[in-house]
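[1] Any chance you can model this:
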Amino acid sequence: MNRRDLKHRLVGAAFMAGACASTLIHRDVWRAHASGPATVLEGALGMLTFFLGSLGLLLLIGGCRLRDGWKHDGQQAARRRERFASSPAKPLDPEAEHRRIMADAVHAMAFAGARASMATFLVMRARQAALLNRAKDIT
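    Residues are numbered from 1 along each chain as shown. Purely as a prediction, here's the structure:
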(Lines give C-alpha, C1' and ligand atoms only; values in the text may rest on other atoms or scores of the structure.)
Protein backbone atom coordinates (compact mmCIF):
# COMPACT_ATOMS: atom_id res chain seq x y z
CA MET A 1 0.00 0.00 0.00
CA ASN A 2 1.51 3.30 -1.07
CA ARG A 3 0.79 6.84 0.13
CA ARG A 4 -1.73 7.50 -2.60
CA ASP A 5 -3.69 4.36 -1.73
CA LEU A 6 -3.51 5.18 1.97
CA LYS A 7 -4.82 8.68 1.27
CA HIS A 8 -7.86 7.32 -0.57
CA ARG A 9 -8.57 4.81 2.18
CA LEU A 10 -8.32 7.54 4.85
CA VAL A 11 -10.78 9.66 2.88
CA GLY A 12 -13.07 6.61 2.81
CA ALA A 13 -12.75 6.30 6.59
CA ALA A 14 -13.60 10.01 6.93
CA PHE A 15 -16.71 9.50 4.78
CA MET A 16 -17.72 6.55 6.97
CA ALA A 17 -17.28 8.73 10.08
CA GLY A 18 -19.44 11.39 8.42
CA ALA A 19 -22.09 8.74 7.72
CA CYS A 20 -22.05 7.74 11.40
CA ALA A 21 -22.41 11.37 12.48
CA SER A 22 -25.30 12.00 10.09
CA THR A 23 -26.96 8.80 11.39
CA LEU A 24 -26.84 10.17 14.93
CA ILE A 25 -28.32 13.47 13.77
CA HIS A 26 -30.96 11.58 11.77
CA ARG A 27 -31.90 9.59 14.89
CA ASP A 28 -32.41 12.79 16.91
CA VAL A 29 -34.53 14.32 14.15
CA TRP A 30 -36.58 11.13 13.94
CA ARG A 31 -37.18 11.16 17.69
CA ALA A 32 -38.31 14.78 17.55
CA HIS A 33 -40.87 14.02 14.82
CA ALA A 34 -41.76 10.45 15.86
CA SER A 35 -45.47 11.16 16.30
CA GLY A 36 -45.97 12.58 12.80
CA PRO A 37 -45.13 11.69 9.24
CA ALA A 38 -41.57 11.77 7.93
CA THR A 39 -40.21 15.22 7.13
CA VAL A 40 -38.06 16.47 4.28
CA LEU A 41 -35.17 16.88 6.72
CA GLU A 42 -35.35 13.19 7.61
CA GLY A 43 -35.30 12.22 3.95
CA ALA A 44 -32.36 14.48 3.21
CA LEU A 45 -30.41 13.13 6.20
CA GLY A 46 -31.16 9.57 5.13
CA MET A 47 -29.90 10.22 1.61
CA LEU A 48 -26.79 11.96 2.97
CA THR A 49 -26.08 9.01 5.25
CA PHE A 50 -26.49 6.54 2.39
CA PHE A 51 -24.28 8.59 0.06
CA LEU A 52 -21.49 9.06 2.61
CA GLY A 53 -21.61 5.44 3.73
CA SER A 54 -21.61 4.02 0.20
CA LEU A 55 -18.79 6.21 -1.04
CA GLY A 56 -16.80 5.65 2.15
CA LEU A 57 -17.14 1.88 1.89
CA LEU A 58 -16.14 1.91 -1.78
CA LEU A 59 -13.05 3.98 -1.00
CA LEU A 60 -12.12 1.81 1.98
CA ILE A 61 -12.30 -1.35 -0.12
CA GLY A 62 -11.00 -0.07 -3.46
CA GLY A 63 -8.59 2.66 -2.48
CA CYS A 64 -6.91 4.40 -5.40
CA ARG A 65 -7.83 1.54 -7.77
CA LEU A 66 -11.41 2.82 -7.71
CA ARG A 67 -10.43 6.22 -9.10
CA ASP A 68 -8.02 4.65 -11.59
CA GLY A 69 -10.81 2.36 -12.80
CA TRP A 70 -13.16 5.30 -13.31
CA LYS A 71 -10.44 7.16 -15.20
CA HIS A 72 -9.75 4.11 -17.39
CA ASP A 73 -13.47 3.62 -18.11
CA GLY A 74 -13.81 7.29 -19.07
CA GLN A 75 -10.88 7.03 -21.47
CA GLN A 76 -12.34 3.90 -23.06
CA ALA A 77 -15.69 5.63 -23.52
CA ALA A 78 -13.98 8.62 -25.14
CA ARG A 79 -12.15 6.32 -27.57
CA ARG A 80 -15.44 4.57 -28.44
CA ARG A 81 -17.11 7.94 -29.10
CA GLU A 82 -14.22 9.00 -31.35
CA ARG A 83 -14.38 5.73 -33.32
CA PHE A 84 -18.15 6.04 -33.70
CA ALA A 85 -17.95 9.68 -34.82
CA SER A 86 -15.16 9.00 -37.31
CA SER A 87 -16.78 5.96 -38.93
CA PRO A 88 -18.50 6.80 -42.23
CA ALA A 89 -22.23 6.38 -42.57
CA LYS A 90 -23.22 2.99 -43.94
CA PRO A 91 -25.00 2.99 -47.30
CA LEU A 92 -28.73 2.43 -47.18
CA ASP A 93 -29.65 -1.22 -47.80
CA PRO A 94 -33.19 -1.26 -49.24
CA GLU A 95 -33.89 -4.83 -48.09
CA ALA A 96 -32.80 -4.18 -44.51
CA GLU A 97 -34.74 -0.90 -44.47
CA HIS A 98 -37.85 -2.73 -45.70
CA ARG A 99 -37.53 -5.34 -42.91
CA ARG A 100 -37.13 -2.55 -40.35
CA ILE A 101 -40.23 -0.80 -41.68
CA MET A 102 -42.25 -4.00 -41.49
CA ALA A 103 -41.09 -4.67 -37.91
CA ASP A 104 -42.03 -1.11 -36.89
CA ALA A 105 -45.45 -1.58 -38.44
CA VAL A 106 -46.03 -4.72 -36.39
CA HIS A 107 -45.09 -2.83 -33.23
CA ALA A 108 -47.48 -0.04 -34.19
CA MET A 109 -50.29 -2.58 -34.57
CA ALA A 110 -49.80 -3.79 -31.02
CA PHE A 111 -50.68 -0.34 -29.67
CA ALA A 112 -53.51 0.40 -32.08
CA GLY A 113 -56.07 -2.06 -30.72
CA ALA A 114 -59.21 -2.21 -32.88
CA ARG A 115 -57.83 0.36 -35.32
CA ALA A 116 -54.81 -1.81 -36.20
CA SER A 117 -55.40 -1.94 -39.96
CA MET A 118 -55.72 1.85 -40.30
CA ALA A 119 -52.70 2.45 -38.09
CA THR A 120 -50.65 -0.06 -40.08
CA PHE A 121 -51.63 1.57 -43.35
CA LEU A 122 -50.68 5.04 -42.11
CA VAL A 123 -47.39 3.87 -40.61
CA MET A 124 -46.43 2.02 -43.79
CA ARG A 125 -47.23 5.04 -45.98
CA ALA A 126 -45.16 7.35 -43.77
CA ARG A 127 -42.23 4.92 -43.69
CA GLN A 128 -42.33 4.37 -47.46
CA ALA A 129 -42.38 8.11 -48.08
CA ALA A 130 -39.38 8.56 -45.80
CA LEU A 131 -37.55 5.71 -47.52
CA LEU A 132 -38.20 7.18 -50.98
CA ASN A 133 -36.94 10.58 -49.84
CA ARG A 134 -33.76 9.03 -48.41
CA ALA A 135 -33.16 7.01 -51.57
CA LYS A 136 -33.51 10.18 -53.67
CA ASP A 137 -31.03 12.02 -51.43
CA ILE A 138 -28.44 9.27 -51.76
CA THR A 139 -28.57 9.04 -55.56
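[2] OK, contacts around Cys64?
    Contacts for Cys64 were tallied using CB atoms under 8 Å, 6 or more residues apart in numbering; they are Asn2, Arg4, Asp5, Lys7, His8. (Each C-beta comes from the backbone N, C-alpha and C, glycine too.)
[3] Of the residues you listed, just say which sits nearest to Leu131.
    Closest to Leu131 out of the contacts of Cys64 is His8 (54.8 Å), distances taken as CB to CB.
[4] does the closest one really touch Leu59, like I thought?
    Yes. Checked against CB atoms under 8 Å, the pair His8 and Leu59 is within contact range at 5.5 Å.
[5] Identify the contacts common to the two.
    What both His8 and Leu59 touch, as defined by CB under 8 Å, 6+ apart, is the set Leu66.
[6] just for the protein, where's the confidence low?
    Scanning the chain for pLDDT under 70 picks out 1, 87-92, 106-114, 139.
[7] 80 instead, please
    1, 33-36, 38, 66-72, 84-94, 97-98, 100-121, 133-139 (pLDDT under 80).
[8] Surely Leu59 touches Arg9?
    Yes. The pair Leu59 / Arg9 is scored as a contact, 6.5 Å apart, by CB under 8 Å.
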